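J.: Here is my input; please provide its structure:
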Amino acid sequence: MSEEDVRKAVEPLMLEYFENGDCEEVLFSLEEMLLNIGARRWMVPALAIELSMDHKPSHREMTSQLISELYQKVISQRDIGKAFDFLMRQLSDLILDTPDAPTIIGNFMARCIADDCIPPKFLNSYKGHVTEVEAVKALCRADTL
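T.: Next up is the predicted model:
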């Protein structure tokens, strides 16, 4: 599947999840898609976080719970890390629609660390390598929490 195909498959699934809150349904659907998604599994948490930014804080909490639920079942630590890498690179675009994007991404990073989906050393891998102001804000937020 191309990135666009993954987006077309995962986006409606996430939007439906925001409506019904059924983690099991998402897990079942993603398990069916796994062979087709292949190396693009990282897009699942990235799209979930990106979509939740346009919704209420309760949807962001649901997204955190979903990522934790999907961890080690359909997505790995590496997938979550890659999703955050992607989101950090997209911050300048995300801020146009969601001015609080750095804070929100920082909150998600902190939550993934708290839920043991990514290790605390994940934040250290960025230290000294990030120059974009918004990315630094996101990392500081995650480090503070």
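J.: Can you pull out the low-pLDDT segments for this protein?
T.: For the chain, the stretches flagged by pLDDT under 70 are 128.
J.: One more pass at 80, please.
T.: Scanning the chain for pLDDT under 80 picks out the ranges 126-131, 145.
J.: Longest helix of it, counting residues only.
T.: The residue-count maximum for a helix in the chain (DSSP state H) belongs to helix 3-20.
J.: Buried residues of stretch 31-38, list them for me.
T.: 33, 37 (16 or more other C-beta atoms under 10 Å). No exception for glycine: its C-beta is placed from N, CA and C like everyone else's.
J.: what's the longest helix of the chain in contact with?
T.: Helix 3-20 is contacted from outside by 1, 23, 25-26, 29-30, 33, 36-37, 40, 43-44, 47-48, 51-52, 55, 59, 62-63, 66, using C-beta atoms under 8 Å, 6 or more residues apart in numbering.
J.: What residues sit buried inside that helix?
T.: 6-7, 9-10, 13-14, 17-18.
J.: Closest one of the residues you listed to Leu139?
T.: The closest of those to Leu139 turns out to be Met14 (C-beta to C-beta; 24.9 Å).
J.: Check the gap between that closest one and Ser76 for me.
T.: As defined by C-beta to C-beta, to the nearest Å, Met14 lies at a distance of 19 Å from Ser76.
J.: Please apply the same query to Val44.
T.: From Val44 across to Ser76, the span is 11 Å (C-beta to C-beta).
J.: Next: Thr144.
T.: Taking C-beta to C-beta, one finds Thr144 at 26 Å from Ser76.
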